[in-house]
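Peer 1: here you go, sequence then predicted model.
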Amino acid sequence: MKLRKILVPALLLVAIISGIAIGSTRWLKIYEHVVYFDNLPEYLQGLRILQISDLHSNHPTRINIDIWPHIAGLDFDLAVITGDIVLDGAWGAAGPVTYLNPHKDGLSALAARVPTFFVEGNHESRTSNLFVPIMRDLGIRFLLNEVHEFEFGGGLLTIVGTKDHSTMVREDSFDEMLALFDEPADFRLVLTHQPQIFDLVNHTGQMLLLAGHTHGGQIRLPFLPTLYAPGQGLMPRYGAGFYHHDDAILYVSRGIGTTYFPIRFWSRPEVAIFELRSR
């Protein structure tokens with residue numbers, strides 16, 4: 001009887017924890033944020049930006065989460081994909097084309113609906129030359145340390161897309177990236193994969209910087225901040241959510257997929273929409 005009193009609650013606890021672990025991998029969360037700036041240009045009022053990050057597609061016939069029906073019902077004006085659309089270690093001889101197959105219809109439908117932009121993550125950093133034609137064929141603009149001007153509301157939004165931090169370390173191309181910020185702009189939307197870029201850019205101009213990479217820790221403890229993030233180590237400065245510095249705002253997405261360890265715990269996958277407004 002005593003053993004039963006101990007065993008039943010223990011099994012119940014294991015079942016609850018297992019359910020949370022599995023659910024944290026499958027329960028997609030849709031966030032809608034209103035982001036306020038002091039001097040947002042009038043023509044950018046109400047612009048809605050969809051962010052997708054860290055899909056980590058790694059199987060030719062299966063999607064870990066089918067995000068596309070959820071996205072179809074959302075309202076937004078442009079879409080950005082902030083890296084790690086595949087899981088590079090899973091490619092083998094098939095290459096990224098095969099591992100993008102489950103998402104290709106969703107990606108092309110997204111690009112047909114609104115202007116869509118992609119920046120590389122660390123999982124694409126050594127094969128970006130393969131992704132340029134793939135993204136072009138899907139109708140998606142791939143920004144590799146490039147500036148693009150997006151027309152909205154009778155004005156131009158400056159979009160900066162950087163190479164991944166790992167690429168810039170390998171190529172020693174941080175100066176090339178920083179030169180993208182030399183020209184004045186009323187407002188910048190900055191797309192990058194690893195959030196450490198936020199420490200390098202000039203924060204005096206108004207900008208929204210969207211990043212991913214951390215998965216929010218992927219495995220974390222309830223009610224505690226992110227404990228570990230690749231590239232930042234233990235107790236990372238940028239784990240998940242919003243960070244502010246002068247006129248610049250950083251948002252770090254928890255992303256959607258998983259890396260080589262296919263579990264998320266207390267870190268639900270997400271996509272987010274940001275609506276720009278003046279304070």
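Peer 2: In hand now; what should we look at? Numbering: from 1, shown residues only.
Peer 1: could you double-check that Phe131 sits in contact with His123?
Peer 2: No - judged on C-beta atoms under 8 Å, Phe131 makes no contact with His123 at a distance of 10.4 Å. Any C-beta I mention is one placed from the backbone N, CA and C, and that applies to glycine too.
Peer 1: who touches both of those two?
Peer 2: Common neighbours of Phe131 and His123, using C-beta atoms under 8 Å, 6 or more residues apart in numbering, do not exist here.
Peer 1: which one of those two has more residues nearby?
Peer 2: Between Phe131 and His123, His123 has the larger neighbour count (other C-beta atoms under 10 Å), namely 27 against 20.
Peer 1: looks to me like that one is in a strand.
Peer 2: No - counting by DSSP: H, G, I helix; E, B strand; the rest coil, His123 falls outside a strand, being coil.
Peer 1: all helices for the stretch 151-279 of the chain, in order.
Peer 2: 165-171, 174-178 (DSSP state H, counting those that start in this stretch).
Peer 1: which ones are touching Gly257?
Peer 2: Asp54, Leu55, His56, Ser57, Asn58, Asn64, Ile65, Asp84, Leu87, Pro269.
Peer 1: does the third one touch Ile256 like I think?
Peer 2: Yes - contact criterion C-beta under 8 Å: His56 and Ile256 qualify, at 7.3 Å.
Peer 1: where do the contact lists of the two overlap?
Peer 2: By C-beta under 8 Å, 6+ apart, His56 and Ile256 have these common neighbours: Asn64.
Peer 1: looking at these two, which is more packed in?
Peer 2: Legend: neighbour count by other C-beta under 10 Å for His56 and Ile256, higher for Ile256 (26 against 23).
Peer 1: pLDDT score for the more buried one?
Peer 2: Note on Ile256: pLDDT of 90.
Peer 1: so how far is Pro184 from it?
Peer 2: Here the criterion is C-beta to C-beta, to the nearest Å. By it, Ile256 lies 35 Å from Pro184.
Peer 1: thought Leu189 was touching Leu157?
Peer 2: Yes - counting by C-beta under 8 Å, Leu189 touches Leu157, with 6.1 Å between them.
Peer 1: what do these two both touch?
Peer 2: Contacts common to Leu189 and Leu157, judged by C-beta under 8 Å, 6+ apart, are Phe150.
Peer 1: mind listing the residues bridging to Gly241?
Peer 2: Val252 (DSSP bridges).
Peer 1: what's the neighbour count on it?
Peer 2: 16.
Peer 1: please tell me how far it sits from His33.
Peer 2: 10 Å.
Peer 1: re the thing from before, what about the contacts of Gly257, which are in helices?
Peer 2: Judged by DSSP state H, the contacts of Gly257 include no members of helices.
Peer 1: mind giving me the PyMOL select for the residues you listed, buried ones only?
Peer 2: The buried residues among those can be selected in PyMOL (16 or more other C-beta atoms under 10 Å) with this line:
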select buried, resi 54+55+56+57+58+64+84+87+269
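Peer 1: flag every buried residue along stretch 192-206.
Peer 2: Thr192, His193, Gln194, Pro195, Gln196, Ile197, Phe198, Val201, His203, Gly205, Gln206.
Peer 1: out of the residues you listed, which one has the lowest pLDDT?
Peer 2: pLDDT across these is lowest for His203, at 71.
Peer 1: surely that one and His244 touch.
Peer 2: No - using C-beta under 8 Å, His203 makes no contact with His244, being 9.3 Å away.
Peer 1: which residues sit in contact with Asn202?
Peer 2: Per C-beta under 8 Å, 6+ apart, neighbours of Asn202: Phe181.
Peer 1: over to Pro41?
Peer 2: Gly155, Asp186, Phe187.
Peer 1: highest neighbour count among those residues?
Peer 2: Greatest neighbour count in the contacts of Pro41, by other C-beta under 10 Å, goes to Phe187: 21 neighbours.
Peer 1: put the alpha carbons of stretch 29-41 into CSV.
Peer 2: Extracted C-alpha coordinates of stretch 29-41, given in CSV (Å, rounded to 0.1, in the frame of the first residue of the first chain):
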residue,chain,number,x,y,z
LYS,A,29,2.3,29.9,-30.2
ILE,A,30,1.3,32.9,-32.3
TYR,A,31,2.4,36.2,-30.8
GLU,A,32,1.2,39.6,-31.9
HIS,A,33,3.2,42.5,-30.6
VAL,A,34,2.7,46.2,-31.0
VAL,A,35,6.1,47.8,-31.0
TYR,A,36,6.3,51.5,-30.1
PHE,A,37,8.9,54.0,-31.3
ASP,A,38,9.2,57.7,-30.4
ASN,A,39,9.6,59.1,-33.9
LEU,A,40,8.3,56.4,-36.3
PRO,A,41,7.7,57.8,-39.8
